[in-house]
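# Quick one: sequence plus predicted model below, questions after.
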Amino acid sequence: MIGSATYHGEIMKSVKTLLFALENANLGGKPGGSFSSYGWSGEAPIRIHDTMKHVLRMNMVDEPLRIQYAQLNGSEQKCRDYGDRIAKKVAGIVPRMECPFCHKTL
């Protein structure tokens with residue numbers, strides 16, 4: 001999960017630096033998501049999402065979470081729903097394993 005405010009239509013510089021640094025982290029196929037709360041234009045989460053999907057080759061949760069004016073329109077529930085989708089994606093890629101003591105599949 002990576003989020004950023006939008007500043008003049010761009011991702012914040014520190015987040016952009018992070019994304020460039022992650023190019024060598026071998027994140028291909030790992031689950032990911034992007035988010036932002038914004039007041040005006042809100043391009044940052046879309047650009048983060050595209051970078052994570054196409055450059056880092058991550059397995060992204062549907063679309064980025066974009067909340068305009070965070071206090072309005074049930075935004076807290078939208079955030080919870082997005083978190084649930086991320087959790088399901090992570091749970092789907094975690095390998096099942098056998099407990100060495102009881103031999104149950106975990």
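All right, it came through fine. Numbers count the residues shown, from 1 in each chain.
# The protein: strands as residue ranges?
Listed in chain order, the strands of the chain (DSSP state E) span 2-3, 6-7, 10-11, 31-32, 34-38, 59-60, 65-68.
# helices or strands next to the first one in the packing?
What it means is strand 2-3. Applying 3 or more Cβ pairs under 8 Å, 6 or more residues apart in numbering; DSSP states H and E, one finds that strand 2-3 contacts helix 13-21, strand 34-38, helix 44-54. Backbone N, C-alpha and C define where each C-beta goes, glycine included.
# so who does the spatially most central residue of the chain touch?
Of all residues in the chain, the one closest to the mean position by Cα atoms, centre = their mean is G33, 1.5 Å from it. With contact taken as Cβ atoms under 8 Å, 6 or more residues apart in numbering, G33 is in contact with M1, I2, H49, M60, V61, P64, L65, Y82, R85, I86.
# And it, how far from D84?
Distance of G33 to D84, given as Cβ to Cβ, to the nearest Å: 11 Å.
# Over to S36?
From S36 to D84 the distance is 19 Å (Cβ to Cβ).
# what about these two, which has more around it?
Shown here are S36 and D84; by other Cβ atoms under 10 Å, S36 has more neighbours (25 against 11).
# Residue ranges in this structure under the pLDDT threshold?
70-72, 93-100, 105-106 (pLDDT under 70).
# what is the orientation angle of the longest helix seen in it with strand 34-38?
In the chain, taking DSSP state H as the definition, the longest helix is helix 75-93. Interaxial angle, helix 75-93 versus strand 34-38 (axes from the mean of the first three to the mean of the last three Cα atoms, to 10 degrees): 170 degrees.
# what residues does helix 75-93 touch?
Outside helix 75-93, the residues within contact range by Cβ under 8 Å, 6+ apart are 1, 29-31, 33, 35, 37, 59, 61-62, 65, 67, 69.
# ok, 10 Å please
1, 29-35, 37, 59-70, 74 (Cβ atoms under 10 Å, 6 or more residues apart in numbering).
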